[in-house]
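>>> Could you work out the structure for the sequence below:
(2 chains)
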Protein chains: 2
Amino acid sequence: MTATQNQSTDKKYLDTKMVVKVYGPTYASPKRVLACLIEKEIEFETVDVDLFKGEHKEPEFLKLQPFGSVPVIQDGDYTLYESRAIIRYLAEKYKEQGTELLGKTIEEKGLVEQWLEVEAHNFHPPLYNLVINILFAPLMGAPSDQKVIEESDKKLEKVLDVYEERLSNSKYLAGDFFSLADLSHLPFGHYLVNQTGRGNLVRERKHVSAWWDDISNRPSWKKVLQQYKYPV
Amino acid sequence: MTATQNQSTDKKYLDTKMVVKVYGPTYASPKRVLACLIEKEIEFETVDVDLFKGEHKEPEFLKLQPFGSVPVIQDGDYTLYESRAIIRYLAEKYKEQGTELLGKTIEEKGLVEQWLEVEAHNFHPPLYNLVINILFAPLMGAPSDQKVIEESDKKLEKVLDVYEERLSNSKYLAGDFFSLADLSHLPFGHYLVNQTGRGNLVRERKHVSAWWDDISNRPSWKKVLQQYKYPV
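Residues are numbered from 1 along each chain as shown, chains lettered A, B, ... in the order given. I've put the predicted structure just below:
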């Protein structure tokens, strides 16, 4: 594992102050955390973890994340994993700075939570299957499962139909404010639009398309893409 | 859909005051919400939704939950779905009453979030596959997928090994306090221990076993089981 400081962090400063450490910045899920850190104007540094070399299964890493997946953060002597837990923690801890990402009222927060869960349980699973079978399987010399691809396409279309309806009534998923719920779609949404040959699923839906352009053009996300290339 | 008042709710009171309405109380995921409502001492009533008759795909229901799944709650004119979002909302809104389920500090809250995510992404998926293939498939006259069963068993064992290690260091998942993270395991944990023939996965692990006895013997959970029978 190799530590790299974020370009916005001054080296001398880094030596004297604890900054948040993020493990596995090149991979998709950790990019949720990176986008959140930048939106919240939190200083951080990154530590590379090479999943292709199995570094996430080494004892040193398993001490931080016993399930062997990225991301993990260290904030001083506090360790936390699971990307969607980390972004909630950061948005809460640094409530007073950067973009407000949690919603202001209890009702707004509830809707942010609802759409975070929708992202995790409706949007993510079929898209993850597409990414694995279309992008990663060929790379690993494994066969792509056509049946899984077809089923995932159908599921994802239905999910995006619901999004289209929702986004015809509000600018963002949880309401008229950008939140963790939108942000959480960026890393795998990027694969969907740019690398699976399925940009049409977004482009054929007027409101989903406008929403995607809006959130993927945020400076925070552009910075993540520039500084932390995807492995595929 | 048929509305039923919770036995603890006085009928006259119900007529004059809005109480939280929970859709689909007999099914597993809505039981997260029921356990939370009881822990938080919140009055509620339930509305039956018969998934076997396809009531969750009827237009009236889809207006509440466009993905067609349970639970949904209505709290006055506020509608919310996704069980793990609902329990966060309730725990936050009713912070001052009943059991504190979110953690007291930002760091405790972060760990509650982490273990809620672990439940959703590590514990739940293999267990869900077991429940579908062992309990529901035979009931629907569908074949059980032995390969899926074997893979799910292996995954779940590994997950529970991590739990055993964690629970040897702290009484509950997020620390020495019962939280949403533990509560969230109850509905499918019940299936695991009592109905899949896999109670041994829990019983063979000393700390997991003690934790399960602790959380499943809470009065709130016993009340859920007594009042809202599982469909299977």
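
>>> So which residue is smack in the middle of chain A?
A:Arg32 (2.8 Å; C-alpha atoms, centre = their mean).

>>> Quick one: list the elements packing against the helix or strand containing that residue.
Remark: A:Arg32 resides in helix A:28-39, with elements defined by DSSP states H and E. Counting contacts by 3 or more C-beta pairs under 8 Å, 6 or more residues apart in numbering or on different chains; DSSP states H and E, helix A:28-39 packs against strand A:20-23, strand A:44-48, helix A:83-93, helix A:180-183, helix A:186-195, helix A:219-227. Backbone N, C-alpha and C define where each C-beta goes, glycine included.

>>> report the angle between the axes of it and strand A:44-48?
160 degrees (axes from the mean of the first three to the mean of the last three C-alpha atoms, to 10 degrees).

>>> Chain B contacts on chain A?
Residues of chain A lying close to chain B by C-beta under 8 Å from any C-beta of the partner chain are A:66-67, A:78, A:80-82, A:84-86, A:88-89, A:92-93, A:106-107, A:109-111, A:113-114, A:116-118, A:120-122, A:159, A:162, A:165-166.

>>> Filter those residues down to the ones in strands?
A:Tyr78, A:Leu80, A:Tyr81 (DSSP state E).

>>> Next, count neighbours for the first one.
Applying the criterion other C-beta atoms under 10 Å in any protein chain shown, we find 14 residues in the vicinity of A:Tyr78.

>>> Can you tell me who it pairs with across the strands?
Per DSSP bridges, the residues bridged to A:Tyr78 are A:Asp75.

>>> quick one: least confident helix or strand in chain A?
helix A:11-16 (a mean of 45; mean pLDDT, DSSP states H and E).

>>> average model confidence for the longest helix along chain A?
Taking DSSP state H as the criterion, chain A has its longest helix at helix A:146-167. Mean pLDDT, helix A:146-167: 98.

>>> so where's chain A uncertain?
Scanning chain A for pLDDT under 70 picks out the ranges A:1-17.

>>> same thing but at 90, please
For chain A, the stretches flagged by pLDDT under 90 are A:1-18, A:138-140, A:232.

>>> quick one, phi/psi of the spatially closest residue to A:Trp212 that is not a sequence neighbour?
Of all residues not flanking A:Trp212 in the chain, A:Val202 sits nearest, at 5.2 Å (C-beta to C-beta, 6 or more residues apart in numbering or on different chains). The phi/psi pair for A:Val202 (degrees, to the nearest 10) reads phi -80, psi -50.

>>> Please work out how many residues are found near A:Val202.
20.

>>> if we can go back for a sec, format the helices and strands packed on helix A:28-39 as CSV; extra columns: mean neighbour count.
Below are the helices and strands packed on helix A:28-39 laid out as CSV (neighbours: other C-beta atoms under 10 Å in any protein chain shown):
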stretch, mean neighbour count
strand A:20-23, 23
strand A:44-48, 19
helix A:83-93, 24
helix A:180-183, 26
helix A:186-195, 19
helix A:219-227, 16
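
>>> Format the ones you listed as JSON lines; extra columns: distance to A:Leu130.
Formatted as JSON lines, the helices and strands packed on helix A:28-39 follow (distance: least, C-beta to C-beta, whole Å):
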{"stretch": "strand A:20-23", "distance to A:Leu130": "26"}
{"stretch": "strand A:44-48", "distance to A:Leu130": "26"}
{"stretch": "helix A:83-93", "distance to A:Leu130": "19"}
{"stretch": "helix A:180-183", "distance to A:Leu130": "20"}
{"stretch": "helix A:186-195", "distance to A:Leu130": "7"}
{"stretch": "helix A:219-227", "distance to A:Leu130": "20"}
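
>>> B:Lys53: which of these is closest?
Minimum separation from B:Lys53 across these (C-beta to C-beta) falls at helix A:180-183, 32.1 Å.

>>> separation between A:Gln226 and chain B?
According to C-beta to the nearest C-beta, to the nearest Å, A:Gln226 stands 28 Å off from chain B.

>>> Next one: that residue from A:Glu204, what distance?
29 Å (C-beta to C-beta, to the nearest Å).

>>> Identify the residues contacting A:Ala142.
By C-beta atoms under 8 Å, 6 or more residues apart in numbering or on different chains, the residues touching A:Ala142 are A:Phe136.

>>> Please, which helix or strand holds it?
Assigned by DSSP H and E, A:Ala142 falls within no helix or strand.

>>> Now it: phi and psi?
Torsion angles, degrees, to the nearest 10, at A:Ala142: phi -100, psi 150.

>>> Could you report the neighbour count for A:Lys63?
Neighbour tally, A:Lys63, other C-beta under 10 Å: 10.

>>> How about A:Phe177?
For A:Phe177, using other C-beta under 10 Å, the count is 19.

>>> That one: what's it in contact with?
Here A:Phe177 is in contact with A:Glu100, A:Gly103, A:Glu108, A:Lys171 (C-beta under 8 Å, 6+ apart).

>>> so who does the last one touch?
Going by C-beta under 8 Å, 6+ apart, A:Lys171 touches A:Phe177, A:Trp211, A:Asp214.

>>> now the third one
The contact partners of A:Glu108, by C-beta under 8 Å, 6+ apart, come to A:Leu102, A:Ala174, A:Gly175, A:Phe177.

>>> Highest neighbour count among the residues you listed?
A:Ala174 (25 neighbours).

>>> That one: helix or strand, and which one exactly?
Using DSSP H and E, A:Ala174 maps to neither a helix nor a strand.

>>> Filter the residues of chain A next to chain B down to the buried ones.
A:66, A:80-82, A:84-86, A:88-89, A:93, A:107, A:109-111, A:113-114, A:116-118, A:120-122, A:159, A:162, A:166 (16 or more other C-beta atoms under 10 Å in any protein chain shown).

>>> related to what we said a few turns ago, what about the residue nearest to the centre of chain A, distance to A:Glu43?
From A:Arg32 to A:Glu43 the distance is 18 Å (C-beta to C-beta).

>>> Ok, A:Leu34 next?
Counting by C-beta to C-beta - A:Leu34 and A:Glu43 are separated by 12 Å.

>>> And those two? Which one has more around it.
For A:Leu34 versus A:Glu43, neighbours defined as other C-beta under 10 Å are more numerous around A:Leu34 (26 against 16).

>>> Pretty sure the more buried one sits against A:Val224.
Yes: using C-beta atoms under 8 Å, A:Leu34 is in contact with A:Val224, at 4.8 Å.

>>> ok, A:Gly103 - contacts?
By C-beta under 8 Å, 6+ apart, the contact set of A:Gly103 is A:Lys109, A:Gly110, A:Leu111, A:Val112, A:Ala174, A:Gly175, A:Phe177, A:Ser179.

>>> ok, those residues vs chain B, which is closest?
Taking C-beta to the nearest C-beta as the measure, chain B sits nearest to A:Gly110 out of the contacts of A:Gly103, at 3.8 Å.

>>> List the residues that contact the closest one.
Counted by C-beta under 8 Å, 6+ apart, A:Gly110 has contacts A:Gly103, B:Tyr78, B:Leu80, B:Ala85, B:Ile86, B:Arg88, B:Tyr89, B:Glu92, B:Lys93.

>>> Just send those residues back as JSON lines, with distance to B:Ala28 too.
Listed next are the contacts of A:Gly110 as JSON lines, based on distance: C-beta to C-beta, whole Å:
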{"residue": "A:Gly103", "distance to B:Ala28": "28"}
{"residue": "B:Tyr78", "distance to B:Ala28": "24"}
{"residue": "B:Leu80", "distance to B:Ala28": "18"}
{"residue": "B:Ala85", "distance to B:Ala28": "16"}
{"residue": "B:Ile86", "distance to B:Ala28": "14"}
{"residue": "B:Arg88", "distance to B:Ala28": "18"}
{"residue": "B:Tyr89", "distance to B:Ala28": "19"}
{"residue": "B:Glu92", "distance to B:Ala28": "23"}
{"residue": "B:Lys93", "distance to B:Ala28": "24"}
